[in-house]
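**Q** sequence and computational prediction follow.
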Amino acid sequence: MFVVREQNREFDTKPNRMLKFISKFILSLLEEFDRIVPGDTESEWVKNIKSMERNLKHILSSQYLKYVADVRYLTHDLVTSGLKHRNPLYRQMAKISQLYYNIYTKKDPKAVFDVIKNQLLVPKATDKLFEILALFNCIKCAEELRMEIGGKRDLSLLRSKYTNVITFNYDNGIVINIFYQHTPQSLSGKSRYFKTMESYGFNPKTLTPDIVIECIRDDMLIASFLEVKYSDDVSYVGIGLQSLYAYLYDFSEAWVEGSKALLVIKPTISSSPKEEGDSRVWIVDKAGMIDKIRVLFGSLVTN
């Protein structure tokens, strides 16, 4: 891969500096992936990432790269030197470097948009995408409070067959856990449905809201949840509300002051009841979702 003459020690070149920088950067991303996706998985895309990690470590272990200087920043001339290189592998790495330069150095919004447009995997089911939007709004509101109050967060990739939880530890001592498609023990351990089925000898699966929000403060746990229904059919709103009240009854032992149940729907809501703020149940549409979630998180973390 290194088109140099060893006798001339022509290793510390711009293309090699570019190669070393971008290889280290990509490897750091893959090592971060290992942290947020622990354990062995059989998914093909995970195997591909592991293969990339091995290849990059092999490149960086080359005896030739020890003669190449480390650079703190990727400059335009380093990228250009790789794009003009006669070796196609250098040109390929230079294209990645150019993307890095546009996003991290130039902070070009168009480059960011192109990455999202071309690389984001869109679920086949639109209702699943609507669930992800609701989840991201929860994370956004929790992050806004973290920036205001201070604290730490622990994010992970969303994967099926795994517990998907995002945790925020705030400097005021409050902890927020956001679960996606998973019922935590704080709810499942108090499920009437589960206990009844089990008492009759069945092995039931606990009812699972789309999103569960746990707030731990002063040794007290406050649980809230969101159910997401995406359809233009107004009757679907009624189905969602039935599910919401089923959860309320099933998990009533875990219900405390401050707990809320939100039904997120697609049809526009033209009016809301005056006493909605004191109600246990809120129905919100897409336009009002972020504001209602912001109110919920504010009441949990700052009150």
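**A** Alright, I've got the coordinates. Residues are numbered from 1 along each chain as shown.

**Q** quick check: what element follows the helix or strand of the chain with the lowest mean pLDDT along the chain?
**A** When the helices and strands of the chain are compared on mean pLDDT, DSSP states H and E, helix 109-119 comes out lowest with a mean of 72. Next helix or strand after helix 109-119 toward the C-terminus (DSSP states H and E): helix 126-149.

**Q** need phi/psi at Trp282.
**A** phi -120, psi 140 (degrees, to the nearest 10).

**Q** what pLDDT does it get?
**A** Trp282 is assigned 89 on the pLDDT scale.

**Q** dump the residue contacts of the residue lying closest to it once chain neighbours are set aside.
**A** Excluding its sequence neighbours, the residue lying closest to Trp282 (Cβ to Cβ, 6 or more residues apart in numbering) is Leu262, at 4.9 Å. Glycine gets a C-beta too; all of them are placed from N, C-alpha and C. Contacts here follow Cβ atoms under 8 Å, 6 or more residues apart in numbering; on that basis Leu262 touches Ser224, Phe225, Leu226, Glu227, Val281, Trp282, Ile283, Val284, Lys292, Ile293, Leu296.

**Q** ranking these by neighbours, who comes first?
**A** Leu226 (28 neighbours; other Cβ atoms under 10 Å).

**Q** any idea of the pLDDT on that one?
**A** Here, the pLDDT recorded for Leu226 equals 93.

**Q** so which helix or strand takes in it?
**A** Per DSSP H and E: strand 220-229 holds Leu226.

**Q** quick one: contacts of that strand?
**A** 127, 130-131, 134, 138, 184, 186-187, 209-216, 236-237, 239-240, 243-244, 247, 251, 254-266, 293, 296, 300.

**Q** out of these, which sit inside helices?
**A** 127, 130-131, 134, 138, 186-187, 236-237, 239-240, 243-244, 247, 293, 296, 300 (DSSP state H).

**Q** and the closest residue to Leu56 other than its chain neighbours, how many neighbours?
**A** In this structure, Leu56 finds its nearest non-sequential neighbour in Leu27, 4.5 Å apart by Cβ to Cβ, 6+ apart. When neighbours are defined as other Cβ under 10 Å, Leu27 has 17 of them.

**Q** same question for Phe251.
**A** Look at Phe251: counted by other Cβ under 10 Å, it has 26 neighbours.

**Q** for it, which non-adjacent residue is spatially closest?
**A** In space, Phe251 comes closest to Leu187 once its chain neighbours are excluded; the distance is 4.9 Å by Cβ to Cβ, 6+ apart.

**Q** Glu253 is in contact with that neighbour, correct?
**A** No. Taking contacts as Cβ atoms under 8 Å, Leu187 lies outside contact range of Glu253: 9.2 Å.

**Q** these two: which is more packed in?
**A** Neighbour count, other Cβ under 10 Å: between Leu187 and Glu253, Leu187 has more, with 26 against 12.

**Q** residues contacting that one?
**A** Leu187 touches Thr206, Val212, Ala223, Phe225, Phe251, Ala254, counting by Cβ under 8 Å, 6+ apart.

**Q** if you set the cut-off to 7 Å instead, what comes out?
**A** With contact taken as Cβ atoms under 7 Å, 6 or more residues apart in numbering, Leu187 is in contact with Val212, Ala223, Phe251, Ala254.

**Q** then Asn16 would be within a helix, right?
**A** Yes. Per DSSP: H, G, I helix; E, B strand; the rest coil, Asn16 lies within a helix segment.

**Q** and the pLDDT at it?
**A** pLDDT for Asn16: 92.

**Q** quick check: the gap between the closest residue in space to Pro209 that isn't next to it in sequence and Ile211.
**A** The shortest distance from Pro209 to any non-neighbouring residue, by Cβ to Cβ, 6+ apart, is to Phe225 (3.9 Å). With distances taken as Cβ to Cβ, to the nearest Å, Phe225 is found 6 Å from Ile211.

**Q** ditto for Tyr200
**A** Tyr200 is 30 Å from Ile211, where distance means Cβ to Cβ.

**Q** comparing these two, which residue is more hemmed in?
**A** Set Tyr200 next to Ile211 and count neighbours by other Cβ under 10 Å: Ile211 wins out with 24 against 7.

**Q** the more buried one reaches Tyr180, doesn't it?
**A** Yes. Between Ile211 and Tyr180 there is a contact under Cβ atoms under 7 Å: 5.8 Å.
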